[in-house]
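Asks: give me coordinates for this.
(chains A and B)
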Number of protein chains: 2
Amino acid sequence: MLTRTQHLFDDATRVTPGDSRWQGRTSPDYWAFIGPFGGVTAATILRALLEHPQRAGEPLALTVNFCAPIAEGDFDIDVRLVKANRSTQHWCVELSQDGREAATLATAVFAERRPSWSQQQAKMPDATPFETIKRYPDVAAAWIRQYDFRFIEGYTELRGGGSKVQPASAFSKLWIGDRVPRRIDAPSLMAMSDAFFARIFHAKGEVVPFGTVSLTTYFHADADDLAKEDITHVLGIADARIFHKSYGDQSGELWSPSGRLLATTTQIAYFKA
Amino acid sequence: MLTRTQHLFDDATRVTPGDSRWQGRTSPDYWAFIGPFGGVTAATILRALLEHPQRAGEPLALTVNFCAPIAEGDFDIDVRLVKANRSTQHWCVELSQDGREAATLATAVFAERRPSWSQQQAKMPDATPFETIKRYPDVAAAWIRQYDFRFIEGYTELRGGGSKVQPASAFSKLWIGDRVPRRIDAPSLMAMSDAFFARIFHAKGEVVPFGTVSLTTYFHADADDLAKEDITHVLGIADARIFHKSYGDQSGELWSPSGRLLATTTQIAYFKA
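Replies: You can find the predicted model right below:
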């Protein structure tokens, strides 16, 4: 059953319009280790752009660079339309607090998604149905409790416990939905693209200090496509290719249950191990 | 044999230092369809940052958004250090011509690459040796003639010819080196990460109007690592997952012949088909 009242995710990503400067506020509901869950920060930036009166077209690409921790409280979002042409818009966004240097630096591309030859080269991975899998248990981090994670492969235990034999696979396959079901839209895809647990936790079999440095997500479905899907969870896969000199990568895909590739994502993250 | 004179790539990516505004000039040697080869533009931006007196650390991530065509001639590169801390730097770069709106918008992360637990999860794809494969033939586009492409899989004919049976695989595996051998460094990896032929050409079996919109490359080897490799070509693989409503993606990897993953890359591109 979908909630009829405002969803926590919509509260958490709420922005107050300005001209070039918008305002937001961190949400305790989506708090992570030392700041807000990066996916919600990214979704908030996307939402400021989606709601901007100058915005034209659909979100195509969003890159978010996490420069510094965001403290609990208010923040400003400076949005700038760097270049627009007939079919695309290029935005630059800086999130800051109390007039200090940027804590988050982002670029976004919006585009008219005109009809074209269409071909999905990738195949949806096999997946046990969502309904038949137990939800990931609650852990201390608030943001994790806002999601309904149902692991098919690459389950990892975040509450401590023994280290796995190293090096373990960094691959995971899981259903991801909002804990209180909410229809999947571009902001929730943006947030979910950062909702995979750190690949280093999987590879090392333990929780180590970790922080996403740069996150890029591409959208392969527009608002019409997503409305047609009308879904509240996606199948996510994520993997890492390398951990080296304190940084590791992640690549991921978000699929609709019907087999449509909705978004692809990649990130590079700091770790201490 | 390595050239002892200045390499064309170094000419093409040459920048004149400024404080926050640097200068460069398009190179006829790396000209593509309607502007400079995007990889050289990205490498030029990276080089301006690498040569910047405030730069600290190694290139970790570079995202380049191609907002508008760059005309033949001079351009300005406005570089801004948005945020720096003990171990990372976040830069924002805009390339423009004649004081007009930005033609290219980029963000970069530089980082100290401190020793850590190190693990390469991905395995190098099997590859026929570079020396045993014929070089890709010369075509009209100048930039292609600056590279030595040696296809192992996913060869495509850019000079016309019959359309392949659709939909064909978008996967390619090939060696990539500079035509005049040049030791692989971060700028050349950056350029090579955009040197794969458009995935849509492979999938459709024909050349169609195409342009990269956003390109992100992560560096998994630092200057020391690259110096130890001491190589002049890399093994590249690239694939696409989806073409939909005028945009398609690409993911790629660049490997040293010794089996080290040097860089990973992803892009989203416009096509007309």
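Asks: who does the helix or strand containing A:Ala61 pair up with?
Replies: For A:Ala61, the host element (DSSP states H and E) is strand A:58-66. Sheet pairing of strand A:58-66 (DSSP bridges) gives strand A:104-111 (antiparallel), strand A:210-219 (antiparallel).
Asks: after the last one, which helix or strand is next?
Replies: So that's strand A:210-219. Following strand A:210-219 in sequence, per DSSP H and E, is helix A:223-229.
Asks: next helix or strand past the strand holding A:Ala61?
Replies: Counting by DSSP H and E, the next helix or strand C-terminal to strand A:58-66 is strand A:74-84.
Asks: and the angle for that next one with strand B:104-111?
Replies: Orientation of strand A:74-84 against strand B:104-111 (axes from the mean of the first three to the mean of the last three CA atoms, to 10 degrees) gives an angle of 130 degrees.
Asks: just to revisit the earlier point, tell me the buried residues in the strand holding A:Ala61?
Replies: Using 16 or more other CB atoms under 10 Å in any protein chain shown as the test for burial, strand A:58-66 gives A:Glu58, A:Pro59, A:Leu60, A:Ala61, A:Leu62, A:Thr63, A:Val64, A:Asn65, A:Phe66. Every residue, glycine included, has its C-beta placed from N, CA and C.
Asks: who are the contact partners of the fourth one?
Replies: Contacts for A:Ala61 were tallied using CB atoms under 8 Å, 6 or more residues apart in numbering or on different chains; they are A:Thr107, A:Ala108, A:Val109, A:Thr216, A:Thr217, A:Tyr218, A:Phe219, B:Asn65, B:Val213, B:Ser214, B:Ile268.
Asks: make CSV from the strands paired with strand A:58-66 and add mean pLDDT, mean neighbour count and distance to B:Phe201 to it.
Replies: Listed next are these as CSV, based on pLDDT from 0 to 100; neighbours: other CB atoms under 10 Å in any protein chain shown; distance: least, CB to CB, whole Å:
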stretch, mean pLDDT, mean neighbour count, distance to B:Phe201
strand A:104-111, 98, 26, 20
strand A:210-219, 97, 24, 19
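Asks: just the C-alphas of the strand holding A:Ala61, formatted as PDB.
Replies: Output of strand A:58-66 as PDB, limited to C-alpha atoms (Å, rounded to 0.1, in the frame of the first residue of the first chain):
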ATOM      1  CA  GLU A  58      14.700  14.900 -18.500                       C
ATOM      2  CA  PRO A  59      17.600  14.100 -16.200                       C
ATOM      3  CA  LEU A  60      20.300  12.300 -18.200                       C
ATOM      4  CA  ALA A  61      23.400  12.400 -16.200                       C
ATOM      5  CA  LEU A  62      24.300  13.500 -12.700                       C
ATOM      6  CA  THR A  63      27.800  13.600 -11.200                       C
ATOM      7  CA  VAL A  64      28.200  14.400  -7.500                       C
ATOM      8  CA  ASN A  65      31.500  15.000  -5.900                       C
ATOM      9  CA  PHE A  66      31.500  14.800  -2.200                       C
END
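Asks: gap between that strand and the chain center?
Replies: 10 Å (CA atoms, centre = their mean, to the nearest Å).
Asks: same check, this time on stretch A:136-155
Replies: The answer for stretch A:136-155 is 14 Å, by CA atoms, centre = their mean.
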